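**Q** with the sequence up front, the predicted model follows.
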Amino acid sequence: MLNIAILSRGAGLYSTQSLYRAARVRGHYVRVIDHKRCNIVIEKGLPQIIYEGERLVGMDAVIPRIGTSVTDYGAAVIRQFELMDVYTATRSEALIIARDKLKCLQKLSASGISVPKTFIAGTTADVPELIDKLSGVPVVIKLLESTHGIGVILAHSRGTAISIVEAFSKFKQPVILQEYIEEAGGADVRALVVGKKVVASMKRQAEPGEFRSNLHRGATSTVETLSKEENEIVLASAKLMGLDVAGVDILRSNKGPLVMEVNASPGLEGIETTTGIDIAGAIIENVSKGIRHFNGRRRR
């Protein structure tokens, strides 16, 4: 039996509950810990975390479910568990890189993985030229950290695109400009990686008149089988990000599959409901395997 902690701000959330049940079914002791209420103690030779007035001790593994609004503090908590020699299903640095869309795309593209053509403007004065280099409008504008399609806008005119970038810039919100893949038809494919295997995949189709294929925005989902090329790209992307658990989103373009995003804390509700696959169970089993390897390395 393992002692597992799920880091989550919402004990009642679907993904948290699914992981909790999967761990309990397999005979493990599991508790949900709100990472925002974890107090990090930095002391020479004695890294600690205080939670609800007591030191957290005796844990075998931590499964992070860190929301975008608390990425930095969530990563700091994960890092503290790492310093405490506790196995973490997601490493702190992997979370930080995957959560930053620019860093993620830079790392993917530099390693030969195809992504949508992307620019980040150093100054708003360069936006018109960048739009031209993206073959004109429409153009996709994204905040560097966004979730559920919030902060993702499709600008149909140059004037609108420039105004949007200027508005975000005024509030010190850096954005990326990305080519619009019209042939994708408002659809993408989400693949869920656990360990070294794609355990489930689905196609998400945006509502008519909407280009964002997020289920939270009313998109529909169906089971989808990846091609051999897509499967290899998905696995390579997760490995490159250093993630044992990842949601990889790809767009099907005339140039082939393009990796749009690698999610370090993918939601389980949509894909478990769509595919009927026990992904949470696969995650718990992968954690058990990871702990064995982790303990084996410590003993050497």
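**A** Great, that's in hand.
**Q** show me where the stretch 51-200 of the chain has its helices.
**A** 71-83, 92-99, 101-110, 127-133, 158-170 (DSSP state H, counting those that start in this stretch).
**Q** pLDDT of the last one, averaged?
**A** What helix 158-170 shows for mean pLDDT is 87.
**Q** give me the helices and strands touching it, please.
**A** Secondary-structure packing of helix 158-170 (3 or more C-beta pairs under 8 Å, 6 or more residues apart in numbering; DSSP states H and E): helix 127-133, strand 139-143, strand 152-155, strand 175-179. (C-beta placed from N, C-alpha, C; glycine too.)
**Q** so which of the ones you listed gets nearest Gly281?
**A** strand 152-155 (31.5 Å; C-beta to C-beta).
**Q** in this protein, which residue is most central in space?
**A** Averaging the C-alpha coordinates of the chain gives a centre point, and the residue nearest to it by C-alpha atoms, centre = their mean is Asn263 (1.5 Å).
**Q** got the phi and psi for it?
**A** phi -100, psi 120 (degrees, to the nearest 10).
**Q** domain map for this structure?
**A** Split into domains by automatic domain parsing, the chain comes to 3-90, 97-113+185-264, 118-180.
**Q** tell me how far the second one lies from the chain's centre.
**A** Relative to the chain's own centre, domain 97-113+185-264 is displaced by 10 Å; criterion: C-alpha atoms, centre = their mean, to the nearest Å.
**Q** quick one: residues contacting the spatially closest residue to Thr90 that is not a sequence neighbour.
**A** Once flanking residues are discounted, Thr90 sits nearest to Pro64: 4.7 Å by C-beta to C-beta, 6 or more residues apart in numbering. By C-beta atoms under 8 Å, 6 or more residues apart in numbering, Pro64 lies in contact with Leu7, His35, Gly74, Ile78, Thr88, Ala89, Thr90, Leu95, Ser265.
**Q** export those residues to TSV and tack on neighbour count and distance to Gly112?
**A** Shown next, in TSV, are the contacts of Pro64 (neighbours: other C-beta atoms under 10 Å; distance: C-beta to C-beta, whole Å):
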residue	neighbour count	distance to Gly112
Leu7	24	33
His35	25	35
Gly74	26	30
Ile78	26	29
Thr88	24	28
Ala89	24	27
Thr90	25	24
Leu95	24	23
Ser265	24	26
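**Q** what helix or strand does Ser237 sit in?
**A** Counting by DSSP states H and E, the element that carries Ser237 is helix 228-241.
**Q** what's the average pLDDT for stretch 34-52?
**A** Mean predicted confidence for stretch 34-52 is 94.
**Q** name the residues that touch it?
**A** With contacts defined as C-beta under 8 Å, 6+ apart, stretch 34-52 is touched by 7-9, 33, 55-56, 64, 66, 70, 73-74, 76-77, 80-81, 83-84.
**Q** the inter-axis angle of the helix holding Ser237 versus helix 92-99?
**A** 130 degrees (axes from the mean of the first three to the mean of the last three C-alpha atoms, to 10 degrees).
**Q** after helix 228-241, which helix or strand is next?
**A** Counting by DSSP H and E, what follows helix 228-241 is strand 245-253.
**Q** max-length helix in the chain?
**A** Looking across the chain with DSSP state H, the single longest helix is helix 279-299.
**Q** quick one on the thing from earlier: in JSON lines: the helices of the stretch 51-200 of the chain, plus distance to Val152.
**A** Putting the helices of the stretch 51-200 of the chain into JSON lines (distance: least, C-beta to C-beta, whole Å) gives the following:
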{"stretch": "helix 71-83", "distance to Val152": "17"}
{"stretch": "helix 92-99", "distance to Val152": "15"}
{"stretch": "helix 101-110", "distance to Val152": "10"}
{"stretch": "helix 127-133", "distance to Val152": "17"}
{"stretch": "helix 158-170", "distance to Val152": "11"}
